[in-house]
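Undergrad: with the input below, show me the fold.
(one chain, ligands or ions: 2)
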Amino acid sequence: MNEEVRVSEDAQLSEGTPESGAHEEPVPEKEEPEEKAEKRPTVRVRIRRGGAAGDPEERFDSFEIETGPRMTVLDALVAVQSAQEPALSFRYSCRVGMCGTCALKVNGRPAWACRTRLEGLGDEITLEPLTNFPVLRDLAVDMSPFFAKMKRARGWLEPTSAAEKAPALIAPGSRERKRIEPHIECITCGICYASCSIVGHDSDYLGPAALNRAYTLVNDSRDALGLERLLEVCTEDGAWRCHSQYNCTESCPKGISPTGAIKGLKRRAVTGGVKRFAASIFRGRAPGE
Ligand code: SF4
Ligand code: FES
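TA: Residues are numbered from 1 along each chain as shown. Ligands and ions are numbered 1, 2, ... in the order given. Prediction:
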């Protein structure tokens, strides 16, 4: 109790009575303990760097980043680029799963960087460019072989003369619409193409995305190419090359089944061939004449 009182008197003296003559050292103010910022959990991101396969600069670089709630792989890449490695190359545009440009491999599986959360990916996340595409640099790949195949499949509408004159009305409940509907939302991200093992074996194979697009057009009554388009895509390097492994269907972030579309093309080619064969018999001609 006494001691407490003495401490209090000393404190008064040192602060307020210079005329007392005694030189008193000012009592240092007690430092308030700094409020510690809450430490956020971190993850290690391993990123494949360098140019095309075989480039002497090809390597994996690791970066440690702080994570936040709902953080995505794209957020992690932006964090690495802005704070640690400005030279890191990767591609993105919309950030909301609409453009498909951010596709890459996350822990070995193709995915959209902007729609893949860090939660559940582990303490070390490995990011690589998409398989089956030539690498430009780091995570950015060259999409031109993919779009060249879209072009080979003539992935655009060639309107019939009726469709050119007036907008065609396709009822939402019609068989035509129902057939096309599950395949129409493709955003050409290339994920199905990257996961297709047949593309990996045969670089001439049209691949799931181009064939899926062809399927929507072959079934579209506004399209004038019809059988011509079907024959163009049902070739040895087209629909018949598919082994129905469903890798593309499993990986498509839009829930599209390119395998289903390819099967549909095959069915149409077979039924179209049978019809032509029957017609040739009725007309007394050999098929193909
Ligand atoms: S079918 Fe799916 S995975 Fe393939 S390009 Fe289209 S959206 Fe991407
Ligand atoms: S940035 Fe557009 S889909 Fe990811």
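
Undergrad: contact residues of the stretch 51-200 of the chain facing ligand 2?
TA: Taking C-beta under 6 Å from any ligand atom as the measure of proximity, the stretch 51-200 of the chain contacts ligand 2 at 92-95, 97-102, 112, 114. All C-beta spots, glycine's among them, are computed from the backbone N, C-alpha and C.

Undergrad: list the buried ones in stretch 160-180?
TA: 160, 163, 179-180 (16 or more other C-beta atoms under 10 Å).

Undergrad: quick revisit: are any of the residues of the stretch 51-200 of the chain next to ligand 2 buried, and which?
TA: Here, 16+ other C-beta under 10 Å leaves 92, 95, 99-102, 112, 114 buried among those.

Undergrad: returning to that earlier point: which member of the residues of the stretch 51-200 of the chain next to ligand 2 is positioned nearest ligand 1?
TA: Using C-beta to the nearest ligand atom, Gly100 is the member of those that sits closest to ligand 1, with 5.8 Å.

Undergrad: and that closest one, what element?
TA: Counting by DSSP states H and E, no helix or strand carries Gly100.

Undergrad: so who does it touch?
TA: Going by C-beta atoms under 8 Å, 6 or more residues apart in numbering, Gly100 touches 112, 187-191.

Undergrad: what does the pLDDT read for it?
TA: On the pLDDT scale, Gly100 is placed at 97.

Undergrad: kindly report the same for the one 5 residues further on.
TA: pLDDT recorded at Lys105 is 98.

Undergrad: show me the contacts for the residue nearest to it when sequence neighbours are not counted.
TA: With C-beta to C-beta, 6 or more residues apart in numbering as the criterion, Lys105 has its nearest non-adjacent residue at 4.2 Å, and that residue is Glu128. The neighbours of Glu128, taking C-beta under 8 Å, 6+ apart as the test, are 48, 104-105, 108, 139.

Undergrad: then Asp223?
TA: Here Asp223 is in contact with 157-160, 163, 217, 229 (criterion: C-beta under 8 Å, 6+ apart).

Undergrad: where do the helices sit along the stretch 151-289 of the chain?
TA: 161-165, 175-180, 191-195, 197-201, 208-218, 227-233, 247-251, 258-282 (DSSP state H, counting those that start in this stretch).

Undergrad: which one of these has the lowest average pLDDT?
TA: Minimum mean pLDDT among these: helix 258-282, a mean of 81.

Undergrad: how is this structure divided into domains?
TA: Here the domain parsing of the chain from automatic domain parsing is 42-141, 144-282.

Undergrad: now these as a markdown table including distance to ligand 1?
TA: Compiled in a markdown table, the domains of the chain are given as follows (distance: least, C-beta to the nearest ligand atom, whole Å):
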| stretch | distance to ligand 1 |
| --- | --- |
| domain 42-141 | 6 |
| domain 144-282 | 3 |
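
Undergrad: mind checking how far the residue nearest to Lys105 is from Ala113?
TA: 12 Å (C-beta to C-beta, to the nearest Å).

Undergrad: between these two, which contacts overlap?
TA: Leu104.

Undergrad: what about Arg222, neighbour count?
TA: Arg222: 16 surrounding residues under other C-beta atoms under 10 Å.

Undergrad: isn't it right up against Ala168?
TA: Yes: contact criterion C-beta atoms under 8 Å: Arg222 and Ala168 qualify, at 4.6 Å.

Undergrad: what residues are shared contacts of the two?
TA: Ala162.

Undergrad: which is the succeeding secondary structure element to the host helix or strand of Leu127?
TA: Leu127 is part of strand 124-128, with elements assigned from DSSP H and E. Once the chain leaves strand 124-128, the next helix or strand it forms, by DSSP H and E, is strand 135-137.

Undergrad: give me the residues contacting the next helix or strand along the chain from that next one.
TA: Sequence-wise, the next helix or strand downstream of strand 135-137 (DSSP H and E) is strand 140-141. By C-beta under 8 Å, 6+ apart, the residues outside strand 140-141 that reach it are 89-91, 129-130, 133-135, 190.

Undergrad: now stretch 39-51
TA: 56-68, 76-77, 80, 88, 118, 121-129, 135-139.

Undergrad: now, of the contacts of Asp223, which are buried?
TA: Using 16+ other C-beta under 10 Å, the buried ones in the contacts of Asp223 are 158, 160, 163, 217, 229.

Undergrad: tell me the two of those residues that are most distant?
TA: Spanning the widest gap among the buried ones among the contacts of Asp223 are Ala163 and Arg229, at 14.7 Å by C-beta to C-beta.
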